[in-house]
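Undergrad: Here is a sequence with its predicted model. Questions after.
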Amino acid sequence: MAQQHHDVTDSAAGPGVVPGPVTGDALAGYLRAQATDFLRALRLHRETGGGGTAAGAASAAGPGASSGAPGGAEDAVDAVRALRRTARRISGSLHTFRPLLDPEWSEQIRPELAWLSGTLALEHAYEARLERLLLALHRLSGSAPVPPQPQTPGAPGTGTAGTRTAGTRTPGTGTAAGSRGGGAAAPVTQRAAAAPGGTRTTANPDRANLTVGAAKAGALLDRQLTLARTRAHSTALQALGSSRFHAVADQVAVLASEVRLTPAAPTTDLRPLAAAAEERLADAVATLPLLTAGSPYNAEALIHGLSPDPAPHPQDAPWHQVRLLLRLHRYACEVLHGPGAPLDVRLLTAGQALDRHRDASEAAAAAAQAARTPRIAPATAYALGVLHADQRHEVEAARYAFQHCWQKQTVGTP
């Protein structure tokens, strides 16, 4: 299907666009602002004790820490997220507008910022993946939500919706009343208690076999992903204390006051480079199987996922690439439009669909990897297979949502 694309040089690119040229001075101002935000986040991170990443900061603060107190876990979480956010934006802008920047300087700092952002994101990714899989196991095993029960303030399981509680959990301890499989069900039950809205679940006896397998599968996933999260936390702590990170921080500190532009950059229009980023995005989307994405079921994805080959699914890579290109396009729009421009709702919706696609794809891969564990019980393998199929269906749902959003965007373009 032939697709029309936005022209970032006129009003079709979104509200708040100035029709005149946007020069390298706007790029310099954007980079300085992001560098300042990076340094502010770094100072907040150090003031909160340098607890590391999101889950690690909550664990380091301890169960008695107040999330709203200065130096608490919430401040550490916000600091790490801000470090990741600003590092992505600086690195992405250096990539998109690299012809206007000093090549030696930009090629030196850009990969270092990408390394920092990726390292800090790993622990949070493992934590979110484990929570996603365990909640899906509860849903698939026939659990039914019951009204939330009143809890004493400060009692175990009390928490605010949207906050992570994995840092205060002791893996492998405790057994839920009435659960099958003994202590193996404990990690699944504890995660369900932390579900948004404070809902608890009760087992459906019509799915007893899946319930037994789900408990053991949850325990297996908890062991594997908690170990991976612990290693990612250690890696993040080592990275934040390394000379490599301090060198990156020094370069960003210089960037906050001096952006090394080429001599022609102050008079060069940024819009052609931003349009080239958008064109790369459009070309990548054109290669996606959007007709397949419009179908509610993709059997090929399920067949590949449980094969002995542990390689990533070949269908997913182009979608991940589109997600990265969409992010670069969004950052280029931020440079052009300035901080006061309203958000492009369609770009935001497409980005959220691709984020869900990435999360479901990685969760399905984790379930398939767990199913390859030697000598697991048949009920455990069955539950992991059902979980993998469920997450691949989530992948297809995210692709359908992106396809629907992107085609609406294409039709609406003059």
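TA: Looks like it came in fine. Numbering: from 1, shown residues only.
Undergrad: Low-confidence stretches in the stretch 201-350 of the chain?
TA: Low-confidence segments of the stretch 201-350 of the chain, defined by pLDDT under 70: 201-210, 291-312.
Undergrad: residue boundaries of the helices in it?
TA: Using DSSP state H, counting those that start in this stretch, the helices of the stretch 201-350 of the chain run over 208-240, 243-255, 271-286, 290-293, 299-305, 316-337, 345-371.
Undergrad: Put together JSON lines for those helices, with mean neighbour count and distance to L101 on each row.
TA: From N, CA and C alone the C-beta is placed, and that goes for glycine too. Conversion of the helices of the stretch 201-350 of the chain to JSON lines gives the following (neighbours: other C-beta atoms under 10 Å; distance: least, C-beta to C-beta, whole Å):
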{"stretch": "helix 208-240", "mean neighbour count": "21", "distance to L101": "25"}
{"stretch": "helix 243-255", "mean neighbour count": "15", "distance to L101": "11"}
{"stretch": "helix 271-286", "mean neighbour count": "18", "distance to L101": "11"}
{"stretch": "helix 290-293", "mean neighbour count": "16", "distance to L101": "35"}
{"stretch": "helix 299-305", "mean neighbour count": "15", "distance to L101": "40"}
{"stretch": "helix 316-337", "mean neighbour count": "20", "distance to L101": "12"}
{"stretch": "helix 345-371", "mean neighbour count": "20", "distance to L101": "24"}
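Undergrad: could I get those helices as CSV with distance to L135?
TA: Formatted as CSV, the helices of the stretch 201-350 of the chain follow (distance: least, C-beta to C-beta, whole Å):
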stretch, distance to L135
helix 208-240, 10
helix 243-255, 34
helix 271-286, 31
helix 290-293, 25
helix 299-305, 20
helix 316-337, 22
helix 345-371, 10
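Undergrad: H337 and R89: what is the separation?
TA: 14 Å (C-beta to C-beta, to the nearest Å).
Undergrad: what do you get for D222?
TA: D222 is 34 Å from R89, by C-beta to C-beta.
Undergrad: again, but for A381
TA: Distance of A381 to R89, computed by C-beta to C-beta: 43 Å.
Undergrad: Compare the two (neighbour count), which wins?
TA: R89 (24 against 18; other C-beta atoms under 10 Å).
Undergrad: mind listing the strands for the chain?
TA: 144-146, 200-202 (DSSP state E).
Undergrad: Report the buried residues of the longest helix along the chain.
TA: When the chain is parsed with DSSP state H, its longest helix is helix 103-140. Neighbour-count burial for helix 103-140, counted by 16 or more other C-beta atoms under 10 Å, picks out 105-106, 109-110, 112-117, 119-140.
Undergrad: Give me the contacts around stretch 254-261.
TA: With contacts defined as C-beta atoms under 8 Å, 6 or more residues apart in numbering, stretch 254-261 is touched by 24, 27-28, 31-32, 35-36, 38-39, 90, 100-102, 105-106, 109.
Undergrad: If we use 10 Å, what do you get?
TA: For stretch 254-261, contacts defined as C-beta atoms under 10 Å, 6 or more residues apart in numbering pick out 23-25, 27-40, 90, 94, 97, 100-106, 109, 113, 265, 268.
Undergrad: So among the residues you listed, which ones count as buried?
TA: 23-24, 27-28, 30-31, 34-39, 90, 94, 97, 100-101, 105-106, 109, 113, 265, 268.
Undergrad: ok, H388 touching A366?
TA: Yes. Using C-beta atoms under 10 Å, H388 and A366 qualify as a contacting pair, with a distance of 9.0 Å.
Undergrad: okay, and the common contacts of those two?
TA: Counting by C-beta under 10 Å, 6+ apart, the residues touching both H388 and A366 are L133.
Undergrad: I figured G92 was touching E334, is that so?
TA: Yes. The criterion here is C-beta under 10 Å, and G92 meets it with E334 at 9.5 Å.
Undergrad: got any residues that touch both of the two?
TA: Q34.
Undergrad: And the average pLDDT for stretch 354-365 is what?
TA: On average, the pLDDT along stretch 354-365 is 96.
Undergrad: ok, back up a step: which ones among the contacts of stretch 254-261 lie within helices?
TA: Per DSSP H, the contacts of stretch 254-261 map to helices at 24-25, 27-40, 90, 94, 103-106, 109, 113.
Undergrad: Hmm, R323 is touching L347, no?
TA: No. Assessed by C-beta under 10 Å, R323 is found out of contact with L347, at 11.9 Å.
Undergrad: which residue packs closest to A128, ignoring adjacent ones?
TA: D359 (7.0 Å; C-beta to C-beta, 6 or more residues apart in numbering).
Undergrad: Wait, A379 touches A217, no?
TA: Yes. The pair A379 / A217 is scored as a contact, 8.4 Å apart, by C-beta under 10 Å.
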